[in-house]
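Peer 1: Sequence below, structure please.
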Amino acid sequence: MAQTTMVNFRIDEDVKKDMEEVCSRMGLTMTAALNIFINKVTMERRIPFEITADPDPFYSESNIRYLEKKMSDYKAGRLKLSEHDLSED
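Peer 2: Next up is the predicted model:
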């Protein structure tokens, strides 16, 4: 068996308690759960789940659809733009 080492890090006390409870329900210790996570990361060379942040509203799906519709209308001649329409106020 490989030699083990101690790793210390800080975590919110309430989060730790919740994590320990969840792990216990799964029949795991928090150490075992973290070892599973660490092994998966090292084997796959990636975080094994999606990590996201709130997207910039400009790039939201609804705004992209709106912009694509406006561009389509413009290209089809259904939308006329003036210099005033393109300038910032």
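Peer 1: mind checking pLDDT for the residue positioned nearest the centre of the chain?
Peer 2: The residue at the geometric middle of the chain, judged as the C-alpha nearest the mean C-alpha position with C-alpha atoms, centre = their mean, is T52 (1.4 Å). On pLDDT, T52 comes in at 75.
Peer 1: Can you tell me the SS state at it?
Peer 2: Following DSSP: H, G, I helix; E, B strand; the rest coil, we place T52 in the coil state.
Peer 1: And it, its phi and psi?
Peer 2: Dihedral angles phi and psi of T52 (degrees, to the nearest 10) take the values phi -130, psi 160.
Peer 1: all helices of the chain, in order?
Peer 2: 13-25, 30-44, 61-75, 83-86 (DSSP state H).
Peer 1: between these, which gets nearest to Q3?
Peer 2: Checking the helices of the chain against Q3 by C-beta to C-beta gives helix 30-44 as the closest, at 13.9 Å. (Each C-beta comes from the backbone N, C-alpha and C, glycine too.)
Peer 1: can you list the helices of the chain in TSV and add mean neighbour count, distance to T5 and mean pLDDT?
Peer 2: Conversion of the helices of the chain to TSV gives the following (neighbours: other C-beta atoms under 10 Å; distance: least, C-beta to C-beta, whole Å; pLDDT from 0 to 100):
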stretch	mean neighbour count	distance to T5	mean pLDDT
helix 13-25	11	20	95
helix 30-44	12	12	96
helix 61-75	11	45	88
helix 83-86	7	60	61
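Peer 1: To T4, which of those lies closest?
Peer 2: The nearest among the helices of the chain, by C-beta to C-beta, is helix 30-44 at 9.3 Å.
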